[in-house]
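Asker: build me a structure from this.
(chains A and B)
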Protein chains: 2
Amino acid sequence: MPKPVTFKPGSKITLADIDPRKVEGDWDKESAKERIDENTERSRDLAYRLYAENQRALLLVLQGMDTAGKDGTIRTVMTGINPQSCQITSFKQPSPLELDHDFLWRIHAAAPRRGEIGIFNRSHYEDVLVVRVHGLVPEAEWKTRYDRINDFERLLIEGRVKIVKCFLHVSKDEQRERLQARLDNPDKRWKFSKGDLAERKLWPDYQDAYEDALNKCNTEHAPWHVIPSDRKWYRNLLVSELLKDTLESMDPRVPPSEEGLDGIVVE
Amino acid sequence: MPKPVTFKPGSKITLADIDPRKVEGDWDKESAKERIDENTERSRDLAYRLYAENQRALLLVLQGMDTAGKDGTIRTVMTGINPQSCQITSFKQPSPLELDHDFLWRIHAAAPRRGEIGIFNRSHYEDVLVVRVHGLVPEAEWKTRYDRINDFERLLIEGRVKIVKCFLHVSKDEQRERLQARLDNPDKRWKFSKGDLAERKLWPDYQDAYEDALNKCNTEHAPWHVIPSDRKWYRNLLVSELLKDTLESMDPRVPPSEEGLDGIVVE
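Answerer: Numbers count the residues shown, from 1 in each chain, chains lettered A, B, ... in the order given. Below you'll find the model as predicted:
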């Protein structure tokens, strides 16, 4: 089965060397759709067991440039899983209250509880991405955040949260086409903002910031998965596989029943 | 289409007069399943528009005796809707921190945000149900809660949250069968606790408490829907219809696009 691009912790990740159009094997849109449907059925069952077991959680972190498809990935991969097992948090611009705390305060509050699959649509990584690119805090401040992030992820893991981090990797050309499609399609136009064009001009700065985040936070305990995302169906297939494989490796079990229930007749 | 049992605000609701096995029309398990699948597809589309619109929320409150099927209803009716649009909160025994506040404090914190479908699996009604039956607070205290609940629901509604309250109505016989099935089926046994039998002995007290909650909180702004629930497929059908009908009546629209986007070419 096709896999995301991963790197040994400590080895150098260079985004320019990873082809966003890459497809492994002879998969196409149709065969991917069938496979995703199978994976969803399997993940639905495993999510039920994770919920019943109520001992551990799974956290899927989704990052990527505008139009890389964070929402679309969630829609395709998670629709069909019982929403009672899922907790999805979209991190937008922080509120004044959130800015009055350290950058991990609001993130920590959204950590998935036991039994749940948590999904972060954007995450604490924004605090070394948009914050760095726009100089929202001094360099001396964001520079130490990579270590704080690694420490924080270690804390979650010791609290029995399995972390899977995905970078949805699109090319600059593909982003151009997707932004133009939003402009040209009346049904999608509401998603477009002129601010998207200003952000696009900062493409090289964002790629540098992503490359640093990937390299500095690609730990043994919470490695990054780079998802070639120029083809939406392939991106969805990879994340769907990753979710299913991770749940399978966790192997959740329904809990044992109470002692002394044999022979009880309900009246 | 079949509808839940509803009552004009102010008219008397008597649970003993409502048949939990009631089925309207010639629906059966198979036709209900087909219809639920159609409803899910429609609700999925409407939920997307509600999310895009980002102006209003829908809150579905599920109450019912043990085994009435709150979890099963959520699983059947909500699986297939994008979990990014859903926020499901299960209210369990309150924590010491929660008990150090008024009874609506933890409920308010879980109110759905704009664009979302929130589901309460149990709710603030537990504070006039289990709390009353077990005498966890003095009568003088729970007696005023009905008014506080009506006020609170009015607040949510004025904050653009549409509230749909469902009481899953099962018979005492059906509960016996479902509890026995949990005991007898090794895959379900983990769900059974000896405490369930002690609660079952309090059946009449719970019915009285439910009847009061239904009568005192059946307001124009947030009426109760009684769902005959001895047949699981019929229960699911009714809630699925209700969800779809409510979303249709809200008629959410994707927001207008920014001004001045005509002719932009992305570079």
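Asker: can you show me the helices along chain A?
Answerer: Across chain A, reading from the start of the chain, the helices by DSSP state H fall at A:29-53, A:70-78, A:96-99, A:105-109, A:130-133, A:139-143, A:145-158, A:172-184, A:195-201, A:203-216, A:232-250.
Asker: so A:W27 touches A:R235, yeah?
Answerer: No. Assessed by Cβ atoms under 8 Å, A:W27 is found out of contact with A:R235, at 11.7 Å. Quick note: C-beta positions are derived from backbone N, CA and C, even for glycine.
Asker: could you dump the helices of chain A to JSON lines with mean pLDDT, distance to chain B and mean neighbour count?
Answerer: What follows is those, written out as JSON lines (pLDDT from 0 to 100; distance: least, Cβ to the nearest Cβ, whole Å; neighbours: other Cβ atoms under 10 Å in any protein chain shown):
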{"stretch": "helix A:29-53", "mean pLDDT": "98", "distance to chain B": "7", "mean neighbour count": "17"}
{"stretch": "helix A:70-78", "mean pLDDT": "98", "distance to chain B": "5", "mean neighbour count": "21"}
{"stretch": "helix A:96-99", "mean pLDDT": "98", "distance to chain B": "14", "mean neighbour count": "10"}
{"stretch": "helix A:105-109", "mean pLDDT": "98", "distance to chain B": "11", "mean neighbour count": "15"}
{"stretch": "helix A:130-133", "mean pLDDT": "98", "distance to chain B": "19", "mean neighbour count": "18"}
{"stretch": "helix A:139-143", "mean pLDDT": "98", "distance to chain B": "29", "mean neighbour count": "12"}
{"stretch": "helix A:145-158", "mean pLDDT": "98", "distance to chain B": "20", "mean neighbour count": "16"}
{"stretch": "helix A:172-184", "mean pLDDT": "97", "distance to chain B": "4", "mean neighbour count": "17"}
{"stretch": "helix A:195-201", "mean pLDDT": "97", "distance to chain B": "7", "mean neighbour count": "13"}
{"stretch": "helix A:203-216", "mean pLDDT": "98", "distance to chain B": "11", "mean neighbour count": "17"}
{"stretch": "helix A:232-250", "mean pLDDT": "98", "distance to chain B": "12", "mean neighbour count": "21"}
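Asker: and B:L99, which of these is closest to it?
Answerer: With respect to B:L99, and counting by Cβ to Cβ, the nearest of those is helix A:105-109 at 20.4 Å.
Asker: which outside residues touch the closest one?
Answerer: A:91, A:94, A:98, A:120, A:123-124, A:152 (Cβ atoms under 8 Å, 6 or more residues apart in numbering or on different chains).
Asker: do that again at 7 Å, thanks
Answerer: Identification of contacts with helix A:105-109 by Cβ atoms under 7 Å, 6 or more residues apart in numbering or on different chains yields A:94, A:98, A:123-124.
Asker: using PyMOL, define a selection of the buried residues within the residues you listed.
Answerer: Only the buried members of the contacts of helix A:105-109 end up in this PyMOL selection, burial being decided by 16 or more other Cβ atoms under 10 Å in any protein chain shown:
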select buried, chain A and resi 94+123+124
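Asker: turn the contacts of helix A:105-109 into JSON lines, including distance to A:D66.
Answerer: What follows is the contacts of helix A:105-109, written out as JSON lines (distance: Cβ to Cβ, whole Å):
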{"residue": "A:P94", "distance to A:D66": "18"}
{"residue": "A:E98", "distance to A:D66": "22"}
{"residue": "A:S123", "distance to A:D66": "15"}
{"residue": "A:H124", "distance to A:D66": "19"}
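Asker: so A:V77 makes contact with A:L243?
Answerer: Yes. Taking Cβ atoms under 7 Å as the definition, A:V77 is a contact partner of A:L243 at 6.1 Å.
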